[in-house]
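Student: Got a sequence here, can you build the structure:
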Amino acid sequence: MSFALALAAGAFAFSAETDETLAAGVCDQISATYNSNASAALILGADGSTLNGEMLNGGRPNFYGTCTGNGEVSVNITDDPGCCTGTFDGTTIQWSNGTSWTRNPVQ
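Tutor: Next up, the predicted model:
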C-alpha cells in the first residue's frame with residue numbers, strides 16, 4: 001500500500017492507492033473480444049470485478065466470473081465444469097486449462 005499526502009494553501013488532501021486499486025486497473029482493460037479456439041467476449045461489470053462472458057461461435061451458454069487481485073480471473077463455464085481460473089496481463093488471459101485468449105485490438 002502506498003500513500004500520497006499533499007498540503008497546499010491550507011488545504012489538506014489525502015489519497016491512498018491499494019493493491020485492489022492497482023488490480024482494478026488491470027481488470028478495467030478486460031472488456032473486449034478475444035481470439036482463441038472459441039472466439040469470446042468479456043464484459044466487466046460496473047462493480048469492477050464481475051465478468052459476463054459469451055462464446056461468439058455460438059452453441060455454448062453464457063458464463064460468469066470475476067477479475068480480482070493482480071489480474072486473477074475465475075469463470076464458471078457451465079458446459080465445462082471446473083473451468084477455469086487464469087491470469088490477465090492487460091493483453092492475454094492465460095487459463096488454467098492450458099489455453100490462452102489474446103485481446104483483439106480496439107477497432
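Student: For burial, what's the neighbour tally of the nearest residue to residue 97 once chain neighbours are set aside?
Tutor: Using Cβ to Cβ, 6 or more residues apart in numbering and skipping the chain neighbours, the partner closest in space to residue 97 is residue 84 (5.3 Å). Where you see a C-beta, it was placed from the backbone N, CA and C, and this is true even at glycine. Residue 84 sits with 18 neighbouring residues when counted by other Cβ atoms under 10 Å.
Student: quick one: contacts for residue 84?
Tutor: Residue 84 makes contacts with 74, 75, 77, 95, 96, 97, as judged by Cβ atoms under 8 Å, 6 or more residues apart in numbering.
Student: Could you measure from it over to residue 106?
Tutor: Shown here: residue 84 relative to residue 106, a distance of 25 Å by Cβ to Cβ, to the nearest Å.
Student: Residue 32 too?
Tutor: As defined by Cβ to Cβ, residue 32 lies at a distance of 8 Å from residue 106.
Student: Just want to know which of those two has more residues nearby.
Tutor: Shown here are residue 32 and residue 106; by other Cβ under 10 Å, residue 32 has more neighbours (17 against 6).
Student: In contact with the most centrally placed residue in the chain, which residues?
Tutor: Central residue of the chain (Cα atoms, centre = their mean): residue 27, 3.5 Å from the mean position. The contact partners of residue 27, by Cβ under 8 Å, 6+ apart, come to 44, 48, 49, 67, 68, 71, 88.
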